[in-house]
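J.: no sequence for this one, just the structure:
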């Protein structure tokens, strides 16, 4: 005859954090995750300031070291975007608003697209990367965007 034992345990109750505290903490939590990630990724806040970037993200986006771009606006931190024409001109202002990290901020939805990153040094080639961005929420509002990159 089989023997079955049952035991009762206490109900799990989360720590004393309220949903409001969790929302405010969301950017900080993602920032710590992105900073230590092995994958190329980037976290910006609602004002487009770089909150965190992985070392692999810096290498792929040709930004230098992570500490060099933290706190700077995404497009003032050394990210040089080019259009996809043969001319390889700088990306025009209306098109900049459509890059995935910024589109996720403005739309509050997932965004995906290709970016052409200017070559870091003479004799190197431009990089084309696939970017997938998601808005990061705090207290129900878009507080930033998290982007993962993959070289194409």
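T.: Thanks, I have the structure now. It should be emphasised that the depicted structure is a prediction, and the values quoted were computed from it without experimental measurement. Numbers count the residues shown, from 1 in each chain.
J.: use CA for all of it now, contacts and neighbours both
T.: Noted.
J.: May I have the distance across stretch 113-125, first residue to last?
T.: End-to-end distance for stretch 113-125, by C-alpha to C-alpha, to the nearest Å: 20 Å.
J.: brain fart, stretch 87-107
T.: Rule used - C-alpha to C-alpha; the end-to-end distance of stretch 87-107 is 30 Å.
J.: Just give the number of residues close to residue 34.
T.: 24 (other C-alpha atoms under 10 Å).
J.: Could you number the chain from 712 rather than 1 from now on?
T.: Right, with 712 as the first residue, what we last looked at is residue 745.
J.: Can you check the pLDDT for it?
T.: At residue 745, the predicted lDDT confidence score is 97.
J.: Which stretches in this structure count as strands?
T.: 752-756, 761-764, 792-793, 822-828, 838-849, 852-862 (DSSP state E).
J.: what does the fifth one contact?
T.: I take that to be strand 838-849. 733-738, 771-772, 811-812, 815-816, 819-830, 853-863 (C-alpha atoms under 8 Å, 6 or more residues apart in numbering).
J.: one more time with 7 Å
T.: With C-alpha atoms under 7 Å, 6 or more residues apart in numbering as the test, strand 838-849 has contacts from 734-735, 737, 811-812, 815-816, 819-830, 853-863.
J.: pull the helix or strand with minimum mean pLDDT from the chain.
T.: helix 730-747 (a mean of 77; mean pLDDT, DSSP states H and E).
J.: Tell me where the model's unsure across this structure.
T.: Applying pLDDT under 70 to the chain flags residues 712-735, 832-834.
J.: Apply 50 and report the result again.
T.: Applying pLDDT under 50 to the chain flags residues 722-725, 729-734.
J.: Angles on the backbone of residue 795, please.
T.: Backbone dihedrals for residue 795, given as degrees, to the nearest 10, come out at phi -100, psi 20.
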